[in-house]
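Colleague: This is a predicted model, with the sequence first.
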Protein chains: 2
Amino acid sequence: MTRTNPYNSGLDKNPANFVALSPLSFIQRTARVYPERLALVYGERRQTWAQTYERCCRLASALAAHGVGVGDTVAVMLPNVPAMFEAHFGVPMAGAVLNTLNTRLDAEAIAFMLQHSEAKVLLTDREFATVVERALALCDGPRPWVIEVEDPTAPEGKRLGETSYEALLAQGDPAHPWSLPADEWDAIALNYTSGTTGNPKGVVTHHRGAYLNAASNVISWQLPHHPTYLWTLPMFHCNGWCFPWTMALVAGVSVCLRRVDPAQIFPLIREHHITHMCGAPIVYSMLINAPAALREGIGHTVQGLIAGAAPPAAVIEGCEQAGFEITHVYGLTEVYGPAAVCAKQAHWADLPLAERAQLNGRQGVPYPLQEAVAVLDPETLAPVPADGETLGEIFFRGNVVMKGYLKNPEATAQAFAGGWFHTGDLAVTYPDGYVKIKDRSKDVIISGGENISSIEVEEVLYKHPAVALAAVVAIPDPKWGEVPCAYVELRPGADTTEADVIDYCRQHLARFKVPKRVVFVELPKTSTGKIQKFKLRELAKSASAIE
Amino acid sequence: MTRTNPYNSGLDKNPANFVALSPLSFIQRTARVYPERLALVYGERRQTWAQTYERCCRLASALAAHGVGVGDTVAVMLPNVPAMFEAHFGVPMAGAVLNTLNTRLDAEAIAFMLQHSEAKVLLTDREFATVVERALALCDGPRPWVIEVEDPTAPEGKRLGETSYEALLAQGDPAHPWSLPADEWDAIALNYTSGTTGNPKGVVTHHRGAYLNAASNVISWQLPHHPTYLWTLPMFHCNGWCFPWTMALVAGVSVCLRRVDPAQIFPLIREHHITHMCGAPIVYSMLINAPAALREGIGHTVQGLIAGAAPPAAVIEGCEQAGFEITHVYGLTEVYGPAAVCAKQAHWADLPLAERAQLNGRQGVPYPLQEAVAVLDPETLAPVPADGETLGEIFFRGNVVMKGYLKNPEATAQAFAGGWFHTGDLAVTYPDGYVKIKDRSKDVIISGGENISSIEVEEVLYKHPAVALAAVVAIPDPKWGEVPCAYVELRPGADTTEADVIDYCRQHLARFKVPKRVVFVELPKTSTGKIQKFKLRELAKSASAIE
């Protein structure tokens, strides 16, 4: 006899006890509870949560009136301006999917994305007019309806939009009766990853994950109510790590800015008493290395999340000295930005700064509402020993993992093979359970059959007093197969030689890991400050070919 | 032509990107990330998160070995001791449902619950042996397997358990491979509401709601990592408002205690530097009115959540003066404890204490992860005007709402009629959107066709200097139908007369609202400090009958 489970009998979901999880609920609540509190600051502009919510409703209403709805894509090519923040609410309120485009991409990439996502609408800014105009010209078939977000502080550029953003909002209803998604699994955003080979892949995220990671940001970072958050992280990067939604949840103030420039950042920190910010190591490097005069008059500590590349210990150390209390997070577009955190342990506080920086430089443990991050053998999916040495691949599992790649079933299947999301990052697990990245799979240098972690070599280079930035890639070698080649950007005013750097590496690294060549250059970087190793690899290849 | 939504095509749930939401994930993560941090303090006992997690695994394993699994009920009749905390994890880890019994109930009620829930196991404490023994004797059919939780500090009492809790754990596997629930909608707990008429109703809650409300507690209360939480709120009351799970999420310390006694509480606050606690107004009243000597040496502020009855402004005011920073929350068993919060507005801080206390005494706005709390017309479900005057009923909607009542389809259907959960509490909405309870439906006094809010009368009584506690109920009146009758408990050493109290009320209330009688008594209370108005009503009825 099968016994009926009494706890499942007549106790079904109904509209009173089950509602789709969506970060749109956060702005609705905050606009109601804190209508008069500040939501957005941009130059002289100030906007409350009630005003912001009304503008988002107008956007949703106007989009809906133009036939945009469930399954449609709205693309945006915008810097961190208020319209970009509003799009994170107004677009999904219309049932549509927000595709934030990386503003540093070229016309070909943008054209590919607009076509692949079948974008119905494109919000753009005149700063990017040249690229966008070319991209639109490259589009076969239907082109998106272009809306111009006008910003008097934007650099000169052609106006491409058929309508202005403000005119569009004026058509919308501030009391638009939008609905939460029918299903929390519905897509909320599309973010293309800047693949180094082949076409970009479109990462599709859902309302459930965005809701949970927005909450996870609060819990992980101990965010209080009403933080003042500086937008040094591009919102086009994994939806600003879910922080537009997080700010709605905690009724924070978002201080917007068009570009990352220490000469603007320090005055904003001072004027608005910024409490929180996020960014790649390059952002913090800029702040550390900025003239001390810029920092004058700032007496408070700014909480900073850092991610986007394994932060060199020197950067973490420098931040602490410069008044930024850094928390290191790790993630990828596929996991909504941060999905692991180097959670600080109480006893670390007593350690010397350098040691503390080293501990904090690890990728850490799962984010509070992520189920798991683990270093597994990529073949067997068995965990590697927690010995700090055995290399495996980092895998994620949980509710803060994408739906998959848009129109790319093979890549989706590959990414999820075995019931884990494959990051492609190579790492070790320390005895305390913390994960530490050693390299991207493709960045490992295999020399004479030995694996060399390019990150390990870079960490040594970062300790050299003349080095500002460093990247190590493989160059072909007739004897060893591959050998490491270092590309180095020097600190302003610093001076050194190839021989000196190689000698320094010899003192700190096993002989086979020492770079055979050191090249002094300005390193190519993405808009988020990631060093573009693939460009260096091409450079290295052509250099080898010439020799 | 129907267009396929590309965002739903080939982007299904899989084990990598979808995991059932369950608070069991929190203890798993915390045991891994903070294994050596303190989880439990009880007398001289100290237990880390690693140890606590192992003990919960052992409990789950031992229960499973005894055939307890999905659909089964494990009842517990325990004070706030470590085993009670562990049961919140170990029982659902076995797939079973935790039924925490109110330790103040009588044998008949306990017997009803054990039979209604078909409890397979009962964990008990010798303090409650007399009641439990009688309850077991009253059970027809199969009785639960009784486990004795041994506590040397418990009052004398008969040992009923066939096995001790520690012996049970010893049989269990500390590395038991338990699983998350197959579905986040699966039941996690069963809590009987102490209905004033008819049989108690069994509120069934689910893993999803417990997960979300545990997180909501953190976000709403700005909980930092590692708070030190004092268990002044019974865990049998709505699972301690989800705080066992919240403590697992933020890796906090739970300081356990068997009973609420100021002579124990202040030393614990001092010794362990308690940062957070919860309780009914009666708990805070006791602390405010405790001898000042007990409070000596406590220099820090304790954050306190208050709920369980509309807190009189005098209590909120007294707490502020006594070093407790109070946040007022509101909820019911059906919404997992707190599901609304009187969120503080910045400008309140500048108001006089009495005015601030009045604002803070309202039930407020939805909890961060609850969708809605609203005052609606119970007939039409239309919102009442936000005028602070129009009476309606409070309704909840969202993910922090029970599955329904166990084996009670009619009560479930009634509770959810119209797509909202009906609380039975009567309230108004203020112009700022905050909800304020005026009365329980059944507590309204109808006098000469006018509704009298018993709470309004009680609030006036609480301002009288001699009054410690007050409750107002209806007594039959030949002329008016009903008139208010006040039951009053005086402050220690205070003295007054019926005439004086009536006169005081005349100065502050419309004439028809003034109590016609004032009776000085020790008020009957539930274990959570709620005044038992139904007992007073019976008292009033028999008194009227005699006259």
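Modeller: Thanks, I have it.

Colleague: Enumerate the residues of the stretch 51-200 of chain A near chain B.
Modeller: A:Val70, A:Gly71, A:Val97, A:Glu118, A:Trp185, A:Asp186, A:Ala187, A:Leu190 (CB under 8 Å from any CB of the partner chain). Just so you know, the C-beta spots here come from the backbone N, C-alpha and C atoms, and that holds for glycine as well.

Colleague: Return the backbone torsion pair for A:Tyr462.
Modeller: phi -60, psi -20 (degrees, to the nearest 10).

Colleague: What residues does it make contact with?
Modeller: A:Pro312, A:Ala313, A:Ala314, A:Val315, A:Ala470 (CB atoms under 8 Å, 6 or more residues apart in numbering or on different chains).

Colleague: Check the residues you listed and tell me the two furthest apart.
Modeller: Greatest spacing in the contacts of A:Tyr462, by CB to CB: A:Ala313 and A:Ala470 (12.8 Å).

Colleague: Comparing these two, which residue is more hemmed in?
Modeller: Shown here are A:Ala313 and A:Ala470; by other CB atoms under 10 Å in any protein chain shown, A:Ala470 has more neighbours (25 against 20).

Colleague: For A:Met286, which non-adjacent residue is closest in space?
Modeller: A:Pro262 (5.4 Å; CB to CB, 6 or more residues apart in numbering or on different chains).

Colleague: what does A:Asn451 give?
Modeller: A:Val444 (5.4 Å).

Colleague: my guess is the one you found meets A:Ile455, correct?
Modeller: No - here A:Val444 lies out of contact with A:Ile455, judged by CB atoms under 8 Å, at a distance of 9.7 Å.

Colleague: Now for these two: what residues contact both?
Modeller: In contact with both A:Val444 and A:Ile455: A:Lys438, using CB under 8 Å, 6+ apart.

Colleague: what about those two, which has more around it?
Modeller: Per other CB under 10 Å, whichever of A:Val444 and A:Ile455 has more neighbours is A:Ile455, with 22 against 18.

Colleague: mind checking the backbone torsions on that one?
Modeller: Phi and psi for A:Ile455, reported as degrees, to the nearest 10, are phi -70, psi -40.

Colleague: Look up how far A:Leu136 lies from it.
Modeller: Using CB to CB, to the nearest Å, one gets 40 Å for the distance from A:Ile455 to A:Leu136.

Colleague: For the stretch 351-500 of chain A, what lies in contact range of chain B?
Modeller: Looking at chain B, the residues of the stretch 351-500 of chain A close enough under CB under 8 Å from any CB are A:365-366, A:368-369, A:371, A:396-399, A:401-404, A:406-407, A:409, A:412, A:415-416, A:419-421, A:433.

Colleague: Pretty sure A:His176 sits in a helix.
Modeller: No - using DSSP: H, G, I helix; E, B strand; the rest coil, the assignment for A:His176 is coil, not a helix.

Colleague: unless I'm mixing things up, it is touching A:Cys57, no?
Modeller: Yes - checked against CB under 8 Å, the pair A:His176 and A:Cys57 is within contact range at 4.3 Å.

Colleague: any shared contact partners between these two?
Modeller: Common neighbours of A:His176 and A:Cys57 (CB under 8 Å, 6+ apart) are A:Met93.
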